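1. no letters, just coordinates:
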């Protein structure tokens, strides 16, 4: 959160400034290294992450930063163009000696007046092909995401990282704090989807052979920009569905009577479920001998407990689809939704 201070200039000081021909300037140094903080929450702990998230997700301790200075006269000057910012940590004898984010070569603030401001856009992880859109003066970036086809920067098999993004505006009106560290608070660009299966039988176990999603949007562009007031705009464009796309889970898990099984979260591109009509296919065995064919469950319009239908997957939201296997062999499907927490600077752990 940017703090805004009121700058008061005495009449004598104002007169002196006017005589000097610098009515909008303050006679204070304008340099100082630009420093960033993303917090330990952005760091990935494989043991924790893979226990709750798609095990193919690959993020590292980096982000790309884009930035520009905008003068009071409206001149835009590029400062950062996808610079990689990395985390360094050193602990010796139980004492943390280094815990910081850094980049090279370093850049300095260059304030000339209180009407100047700096805009920043940051995307994690770095190295995923994020590029700036348009010329300097239109600070907006895009990252192409394709789950099925590798982009070269992603792990083999496709783009399976968790895109996090944020923006920040530093205004010269807060002159006293103009050299302060830039604290980024990242938000998840995707949706997170999990499946929970409850065996309500009193006697028969259920073996999950496989679960798969089909008709998903698998390719799109994640876009991050600032609005006219310095607010963050997160959106997806150029969505491409694929009828042949299959996201398959093969848990081979047996659910004993009265118990349940929950999948890890899958990172999904936010999409309209009515338009693209993704489906969930469920294949399971009841007891020892009976094998059911694929059971197809349309995901559009499944209701929450309060009766609200879910017709789209939204940015930064987690969805858990709950499939209750009834005693008569039927299925009852509901969904729960919760916000997928933003990643604040200085917050420990990964929130998912």
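-> Arrived safely. Given the structure is predicted, the values throughout are model-derived calculations rather than measurements.
2. helix or strand: which one has the closest residue to residue 61 other than its chain neighbours?
-> Using Cβ to Cβ, 6 or more residues apart in numbering and skipping the chain neighbours, the partner closest in space to residue 61 is residue 87 (3.9 Å). From N, CA and C alone the C-beta is placed, and that goes for glycine too. Using DSSP states H and E, residue 87 sits within strand 76-92.
3. how about residues contacting that strand?
-> Here strand 76-92 makes contact (Cβ atoms under 8 Å, 6 or more residues apart in numbering) with 34, 36, 38, 42-43, 61-71, 96-103, 107, 118, 120, 122, 126-127, 130-132, 136-137.
4. 7 Å instead?
-> Residues outside strand 76-92 that contact it (Cβ atoms under 7 Å, 6 or more residues apart in numbering): 36, 43, 61-70, 97-103, 107, 126, 130, 132, 136-137.
5. of the residues you listed, grab the buried ones for ChimeraX.
-> Listed next is the ChimeraX selection for buried residues among those, using 16 or more other Cβ atoms under 10 Å:
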select :36,43,61,62,63,64,65,66,67,68,69,70,101,103,107,126,130,132
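6. residues touching residue 67, list them.
-> Applying Cβ under 7 Å, 6+ apart, we find residue 67 in contact with 79-80, 118-120.
7. element containing it?
-> Assigned by DSSP H and E, residue 67 falls in strand 62-70.
8. ok, now residue 275?
-> Assigned by DSSP H and E, residue 275 falls in helix 273-276.
9. which residues touch that helix?
-> Outside helix 273-276, the residues within contact range by Cβ under 7 Å, 6+ apart are 215, 217, 241, 299-300, 311-313.
10. pull the distance from it to the chain's centre.
-> Distance, stretch centre to chain centre, for helix 273-276: 22 Å (Cα atoms, centre = their mean, to the nearest Å).
11. check stretch 335-343 too.
-> The answer for stretch 335-343 is 12 Å, by Cα atoms, centre = their mean.
12. equivalent analysis for stretch 129-136, please.
-> Averaging C-alpha positions (Cα atoms, centre = their mean) puts stretch 129-136 19 Å from its chain's average.
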